[in-house]
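A.B. asks: Based on what follows, work out the 3D shape:
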Amino acid sequence: MGHGHSYLTIVARAEAGRTTVEYVGEGRQQESLDAFWAGLQPAQLAGIEAVAMDMWEPYIQSTLAQVPAATTKIVHDPFHLVKYMNEAVNDVRKRAHRRLQEQGCDQLKDTRNRWLYGQENLPAAQAERFAEIKGLNLQTARAWALKEVFRTFWSCPTVKGAERYFGRWYSWAVRCRLEPVKKVARLCKRHLPNLLTFFEHRLTNGPMEGLNNAIQGLIKKAFGYRNKERFKTDIFFHFGGLDLYPAQ
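C.D. replies: Modelled structure (predicted):
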């Protein structure tokens, strides 16, 4: 909104390929989400099947406090966790790049995007060069391999299988001597119960990411919003599922 940063808490319902905004609150404190839960009846709260969210602690605490059996309903989806692993790989690459530059070597220069590709998405034209780089820089290659193995975690067919897979990955990750990767691994370990709920509900934050991109499009089209209430109204108008067909 306008200049600087101004945050909103947005709750949307995702169903049948449609994402509908149900609530827009100011800020991103626990109270920002509490106000949404407070507007629901006990039966509505009990009827919530799953809630996809990132690991923002105020939202977690709000949901735990307000939604019955929330510990089994909060889902930390793949999108943000794979993003954290990508950032860890890039941190390892940057540290290695600085060390190599001090020795007069630029082998990691301009390679950032290559390490962020999934193995299956690496352009064929870059495959040979990437294989060469992986062989030369073992630390960044190890971080990349851990990231790729973590991506496969999300393909596990069952909760029990996913729990076993994570245990093996975590054991490797915390012994890898790469601090950025270890940091993400420990974060995942702390939140493991709500990583495993993904394999029950198969709910992701993908629809919300699409909604966020669409809202950013509104901001660009309006050249920013100086009036917060106007911004909230526009969000509901465009994404609130309003029936705008004329009455018959």
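
A.B. asks: Listing partners with orientation, what would you give for the strand or helix carrying Thr9?
C.D. replies: Counting by DSSP states H and E, the element that carries Thr9 is strand 8-15. Take DSSP bridges as the rule and strand 8-15 pairs in its sheet with strand 18-26 (antiparallel).

A.B. asks: what residues does stretch 118-131 touch?
C.D. replies: Contacting residues not belonging to stretch 118-131 are listed as Arg114, Tyr117, Glu148, Arg151 [Cβ atoms under 8 Å, 6 or more residues apart in numbering]. Any C-beta I mention is one placed from the backbone N, CA and C, and that applies to glycine too.

A.B. asks: buried residues in stretch 91-104?
C.D. replies: The neighbour-count check on stretch 91-104 (16 or more other Cβ atoms under 10 Å) flags Asp91, Val92, Arg93, Arg95, Ala96, His97, Leu100 as buried.

A.B. asks: how far out from the middle of the chain is it?
C.D. replies: Stretch 91-104 sits 28 Å away from the centroid of its parent chain (Cα atoms, centre = their mean, to the nearest Å).

A.B. asks: What average pLDDT does that stretch get?
C.D. replies: Averaged over stretch 91-104, pLDDT sits at 89.

A.B. asks: contacting residues around the strand holding Thr9?
C.D. replies: Counting contacts by Cβ under 8 Å, 6+ apart, the residues outside strand 8-15 that touch it are 19-28, 32-33, 36, 52, 59, 203, 207-208, 211, 215, 231-232, 235, 239.

A.B. asks: This protein: helices as residue ranges?
C.D. replies: Assigned by DSSP state H, the chain shows helices spanning 30-38, 42-46, 57-66, 78-102, 112-116, 124-136, 138-153, 159-174, 179-190, 192-196, 198-201, 206-221, 228-239.

A.B. asks: As TSV, those with distance to Leu8 would be great.
C.D. replies: Shown next, in TSV, are the helices of the chain (distance: least, Cβ to Cβ, whole Å):
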stretch	distance to Leu8
helix 30-38	8
helix 42-46	22
helix 57-66	13
helix 78-102	18
helix 112-116	29
helix 124-136	39
helix 138-153	30
helix 159-174	33
helix 179-190	25
helix 192-196	23
helix 198-201	25
helix 206-221	9
helix 228-239	7
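
A.B. asks: mean pLDDT lowest for which of the ones you listed?
C.D. replies: helix 124-136 (a mean of 79).

A.B. asks: And that one, what's buried?
C.D. replies: Those would be Phe130, Ile133, Lys134, for helix 124-136 by 16+ other Cβ under 10 Å.

A.B. asks: about what we covered before: can you give me how far the strand holding Thr9 is from the chain middle?
C.D. replies: Distance of strand 8-15 from its chain centroid, counting by Cα atoms, centre = their mean, is 15 Å.
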